[in-house]
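> Build me a model from this:
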Amino acid sequence: MSSLSGRKLGQYEIIDLLDKGGMGTVYKGYQPSVDRFVAIKVLPPHPGMDAQYLQRFQLEARTIGSLQHPHILPLYDYGSEEGIVYLVMAFADGGSLNELVERAPVAPELIDRLLRAIAGALDYAHRRGIVHRDIKPGNILLDSEGHALLADFGIVKMLNSGSNLTGTGIIGTPAYMSPEQAQGTDVDGRTDIYALGVMVYELLTGRQPFTGETPLQVLLKHIGDPVPDVCAANPALPAALGPVLRQALAKNPQERYQTAADFAAAFSAAVSPLSATGTLRPAETGTATGTGLASAAAIPETVKLSPVTATPTPTSAAPATIAPAATTTKTPTPPAPAATVNALLVGSVGLLLLALVLAGALIVGLGAPAVTATPPATDAAAAAPTRPAIVSDPGAGELRFTSVNAPGDGLTLRLNGLVDPPAGSRYAAWLVNTGSATTLPLGDIVKDAFGDGTLLYTDPDGRMLPAWYNAVLVTVESGPGPTPAAQPAGTPVYSGSVPLSVTDSLQQIFVAAPQGINGGSLIDGVRTEANFALQHSGLAARATTLGGLKQHAEHTINILRGTQDDLDGNRRGENPGRGPGVYGFLADIEALVQAAATSPEASLDVQSNAEFIQVCIRNVRGWADDVQALENELLAAQTLEEVAAQAQESTRHMETTINGLDANENGQIEPFEGECGLAQIPEYGVLFGNMIVREGGLNAR
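You can find the predicted model right below:
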């Protein structure tokens with residue numbers, strides 16, 4: 001198909017070609033009706049472009065369009081015109097993870113952040129019965145702020161060459177295919193987890209775990225070769241990552257992590273000292289180039305394969321009574337008996353299906369009678385725990401606040417070992433403010449294949465939830481869901497809370513405070529003062545006279561201190577800021593956090609989470625001290641030239657005070673000494689409200 005640049009598809013004007021591959025051609029488009037740029041993916045021509053294919057396409061497109069998650073690239077529209085079938089998606093201008101792979105190895109801390117975002121998106125889709133089937137770096141896009149967006153959901157299924165609506169052709173990218181996908185058996189969400197593991201391995205080491213001269217050789221290695229040690233490929237990695245990657249890349253789906261969130265949590269525990277010791281950290285278009293089909297001569301006569309058994313997701317029988325289980329340890333299912341696949345023949349025997357070459361995508365089916373063999377030995381002692389501890393007091397679960405559209409406007413509630421409620425009832429969750437007795441219904445909890453319950457919620461008004469609610473309550477409610485009532489009516493079975501003083505402090509820091517500017521929040525107040533100080537430090541650095549330089553140096557220092565001292569000797573003490581000063585607002589924030597963290601009701605987890613805010617405050621105060629020292633040098637100067645470098649440095653320090661600094665150059669600004677600044681206080685401050693969930697109601701707290 002020639003380029004469509006310059007023409008229209010429906011209401012969309014095609015502007016430019018972005019990328020081209022076997023999964024389709026991607027164009028940058030423009031939608032005049034809402035004045036926005038979009039990405040338009042034109043699917044490759046289908047050999048049977050008939051009404052049935054278009055019906056299948058429409059069904060899949062509607063399914064993709066139903067996925068609404070902050071880390072899934074939104075599908076806006078779809079259509080067909082003059083034999084051209086296309087999808088219209090959000091335009092992400094930050095590239096894809098392909099760019100990171102090219103620069104690999106990537107810092108584990110950056111992978112940790114990306115993995116949490118991608119895992120949340122995958123688990124959301126898997127709970128709705130949707131499997132991606134082609135997880136790879138090119139399908140992880142980045143927006144302008146670096147947030148990960150999972151793209152091309154359903155594209156693999158759309159390109160299935162089967163002629164009926166339930167066709168099961170095998171499509172994917174060989175380098176990232178799970179063993180069961182390579183063999184043509186049924187797949188579920190665990191095949192995406194395997195591909196995610198391959199991608200993480202590649203980001204950590206700069207190489208894929210299984211490579212070969214042909215796509216077929218790569219597939220056979222996925223099926224039969226043991227997982228290479230990630231730490232041997234990159235000795236700088238923490239040793240704990242070895243078992244994590246081995247479990248993610250287990251040949252048998254039952255031995256892998258059963259949810260992407262489990263994989264992400266295990267990864268975090270392995271790479272992050274904060275996560276490992278019990279403090280949670282906050283968890284956001286390219287196509288591969290085709291390599292062609294293997295020739296008949298390249299196919300060996302006999303290949304030994306480990307067994308891959310795609311087993312339906314286990315279900316639990318409903319118990320007669322509600323008895324919330326304590327935290328349990330999941331034991332991986334023992335591996336199935338080993339097998340050897342006989343000779344793979346090509347041509348008339350027809351045991352190997354080589355049907356479709358896509359750019360970077362391959363359709364392959366493998367299968368044959370099995371005979372007994374011995375599988376590769378595994379190191380049982382090194383096997384990763386199925387669910388590593390990610391909080392210091394695991395309780396029965398946890399509630400973790402997240403940022404979706406605004407700081408703290410989302411949450412993830414997770415319960416371990418959840419039993420089925422009685423027939424006709426369900427688990428429902430509520431946020432509670434124990435001081436005012438106000439509640440917020442969150443919805444019903446979905447139980448996964450492991451028997452663990454998960455609920456994701458985003459506040460439609462974008463409120464910082466931990467600044468309004470200090471407790472979570474899980475009840476057993478009767479009747480159909482989702483929860484329609486504003487108040488819980490059923491039996492409380494789980495709950496968690498932090499001291500009300502935590503919520504009150506977050507309310508003043510991030511929402512409104514008596515000492516805020518015009519009643520605003522303390523964080524807005526300190527940002528306002530800091531921006532004034534930045535402005536005047538910059539004016540000092542650009543001054544053309546000694547008097548101007550000293551005047552703005554005085555302004556900068558007075559804004560930081562909240563004073564009106566005459567520092568330049570002109571008999572006028574001036575402060576162009578709002579009055580309280582950067583130090584004054586920092587002291588107010590610190591006092592609130594300290595009081596809440598040291599209250600009698602504060603647990604060790606609350607005290608640990610308070611440190612996220614406190615370390616940022618210490619950083620800001622230290623950088624502000626540096627600015628003050630440099631500005632004092634300007635005040636003592638006799639000429640502009642002798643302090644030109646100090647003036648520029650003062651401005652840079654003031655910018656760091658506001659924006660923070662990626663001191664360890666891992667691609668993110670973390671709540672560490674010398675890194676986070678004012679901009680990161682809301683991001684990490686929301687974690688102050690995180691809760692451990694235990695059995696029983698709030699009265700038992």
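> Local confidence estimate at the residue nearest the centre of the chain?
In the chain, the C-alpha nearest the mean C-alpha coordinate belongs to Ala117, at 1.1 Å (Cα atoms, centre = their mean). With respect to pLDDT, Ala117 scores 89.
> list the buried ones in whatever helix or strand it lives in?
Using DSSP states H and E, Ala117 sits in helix 108-127. Across helix 108-127, burial judged by 16 or more other Cβ atoms under 10 Å covers 108-126. Any C-beta I mention is one placed from the backbone N, CA and C, and that applies to glycine too.
> picking up where we left off before, the residue nearest to the centre of the chain contacts Asp143, correct?
No - counting by Cβ atoms under 8 Å, Ala117 does not reach Asp143; the two are 11.0 Å apart.
> packing partners for the longest helix belonging to the chain?
The longest helix of the chain (DSSP state H) is helix 604-635. Counting by 3 or more Cβ pairs under 8 Å, 6 or more residues apart in numbering; DSSP states H and E, the packing neighbours recorded for helix 604-635 are helix 522-541, helix 546-561, helix 581-597, helix 644-659, helix 681-685.
> Spatially, what comes nearest to Leu418 if we skip its sequence neighbours?
Counting by Cβ to Cβ, 6 or more residues apart in numbering, Gly453 is the residue found nearest to Leu418 once chain neighbours are left out, at 4.0 Å.
> beta partners of the one you found?
Bridge pairing for Gly453 (DSSP bridges) gives the partners Leu415, Lys447.
> Tell me who's in contact with it.
The contact partners of Gly453, by Cβ atoms under 8 Å, 6 or more residues apart in numbering, come to Gly397, Leu413, Arg414, Leu415, Leu418, Tyr427, Ile445, Val446, Lys447.
> Tabulate those residues (a markdown table), appending neighbour count.
Output for the contacts of Gly453, formatted as a markdown table (neighbours: other Cβ atoms under 10 Å):
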| residue | neighbour count |
| --- | --- |
| Gly397 | 27 |
| Leu413 | 24 |
| Arg414 | 23 |
| Leu415 | 27 |
| Leu418 | 25 |
| Tyr427 | 27 |
| Ile445 | 22 |
| Val446 | 17 |
| Lys447 | 20 |
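> Would you mind listing the two of these that lie farthest apart?
Farthest pair in the contacts of Gly453 (Cβ to Cβ) is Gly397 and Val446. Separation: 13.4 Å.
> Can you pull the poorly scored residue ranges out of the stretch 51-200 of the chain?
Scanning the stretch 51-200 of the chain for pLDDT under 70 picks out 51-53, 55-56, 59-60, 63, 154-172.
> State the distance from Lys136 to Ala117.
Per Cβ to Cβ, to the nearest Å, Lys136 is found 16 Å from Ala117.
> same check, this time on Ser501
Counting by Cβ to Cβ, the gap from Ser501 to Ala117 is 31 Å.
> May I ask which helix or strand encompasses Val493?
For Val493, the element it lies in under DSSP H and E is strand 491-497.
> mind listing what's buried in that strand?
Pro492, Val493, Tyr494, Ser495, Gly496, Ser497.
> Just list what that strand packs against, helices and strands only.
On a contact count with 3+ Cβ pairs under 8 Å, 6+ apart, strand 491-497 meets strand 397-402, strand 471-478, strand 691-695.
> Tell me the helix or strand right after it.
helix 500-510.
> Next, the angle helix 522-541 makes with that next one.
Between helix 500-510 and helix 522-541, the angle comes out at 40 degrees (axes from the mean of the first three to the mean of the last three Cα atoms, to 10 degrees).
> which residues are contacting helix 500-510?
Contact with helix 500-510 is made by 407-408, 433-435, 464, 466-470, 513-514, 516, 521-523, 588-589, 592-593, 595-596, 599, 601-602, 606, 613, 681-682, 685-686, 688-689, as judged by Cβ under 8 Å, 6+ apart.
> List only buried entries from those residues.
By 16+ other Cβ under 10 Å, the contacts of helix 500-510 give 407-408, 433-434, 464, 466-470, 513, 516, 521-523, 588-589, 592-593, 596, 602, 606, 613, 681-682, 685-686, 688-689 as buried.
> Tell me the pLDDT of Leu539.
95.
> number of nearby residues for it?
19 (other Cβ atoms under 10 Å).
> With Glu590 instead?
Using other Cβ under 10 Å, Glu590 has 16 neighbouring residues.
> contacting residues for the most far-flung residue of the chain relative to its centre?
Largest separation from the mean C-alpha position in the chain: Arg571, at 55.4 Å (Cα atoms, centre = their mean). Arg571 is in contact with no residue at all, counting by Cβ under 8 Å, 6+ apart.
> can you give me phi and psi for it?
phi 70, psi 20 (degrees, to the nearest 10).
> Distance of it relative to Ile140?
If you measure Arg571 against Ile140 using Cβ to Cβ, the figure is 61 Å.
> Tell me how many other residues surround Pro600.
Residues near Pro600, counting by other Cβ under 10 Å, number 5.
> Please apply the same query to Thr173.
Neighbour count for Thr173, taken as other Cβ under 10 Å: 30.
> now Asp143
Per other Cβ under 10 Å, the neighbour tally for Asp143 reads 17.
> per-residue confidence averaged over stretch 659-667?
85.
> was I right about Leu455 contacting Pro441?
No - using Cβ under 8 Å, Leu455 is not in contact with Pro441; the gap is 11.0 Å.
> what is in contact with these two at once?
Ala429.
> ok, for Asp93, nearest residue in space, not its chain neighbours?
Nearest residue to Asp93, sequence neighbours excluded (Cβ to Cβ, 6+ apart): Ser144, at 5.5 Å.
> Was I right to think that neighbour contacts Phe91?
No - here Ser144 lies out of contact with Phe91, judged by Cβ under 8 Å, at a distance of 10.3 Å.
> what about those two, which has more around it?
Per other Cβ under 10 Å, whichever of Ser144 and Phe91 has more neighbours is Phe91, with 21 against 9.
> That'll do, ta.
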